[in-house]
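Enquirer: just a sequence and a predicted model for now, questions to come.
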Amino acid sequence: MSNRENEKPKVTARVNNYFKGVKSELKKVNWPTKKELLNYTVVVLATTFAMALVIWGLDLVFQNLVTLIV
């Protein structure tokens, strides 16, 4: 066996191969349409707002319970 077979590829070749792989994987992605993206954004914002309200309500309940105990 020669030494060339055991050597690692140069850094530039490895980086180049990495970005080629990234590009090929991005081509496989099923990108959402503008309408789907808007729908997803609205759902995320609504869910975030709802969870904030739930946490705020629980905070008020626990605050009152602590006040009653103390």
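Expert: Alright, I've got the coordinates. Numbers count the residues shown, from 1 in each chain.
Enquirer: give me the mean pLDDT for the helix or strand containing Q63.
Expert: When elements are defined using DSSP states H and E, Q63 is found to belong to helix 34-69. Averaged across helix 34-69, the pLDDT comes to 97.
Enquirer: buried sites along it?
Expert: Buried residues in helix 34-69, counted by 16 or more other CB atoms under 10 Å: none are found. For the C-beta atoms, the positions are set from N, CA and C on the backbone; glycine is no exception.
Enquirer: how about Y18, secondary structure?
Expert: Each residue gets one of three states, and Y18 gets helix by DSSP: H, G, I helix; E, B strand; the rest coil.
Enquirer: near it, how many other residues are there?
Expert: Per other CB atoms under 10 Å, the neighbour tally for Y18 reads 10.
Enquirer: tell me the spacing between it and V29.
Expert: Relative to V29, Y18 is positioned 17 Å away (CB to CB, to the nearest Å).
Enquirer: at the geometric centre of the chain, which residue do we find?
Expert: Nearest to the centroid of the C-alpha atoms of the chain, with distances taken as CA atoms, centre = their mean, sits V44, at 12.8 Å.
Enquirer: any idea how far M51 is from that one?
Expert: To M51, V44 is 11 Å away according to CB to CB.
Enquirer: go on, T12?
Expert: T12 is 47 Å from M51, by CB to CB.
Enquirer: next one: P32
Expert: 23 Å.
Enquirer: what does E25 give?
Expert: 32 Å.
Enquirer: over to Y40?
Expert: Look at Y40 and M51: by CB to CB, they are 16 Å apart.
Enquirer: also D59?
Expert: The value you get for D59 to M51, if CB to CB is used, is 12 Å.
Enquirer: for L68, same thing?
Expert: When CB to CB is applied, the distance between L68 and M51 equals 26 Å.
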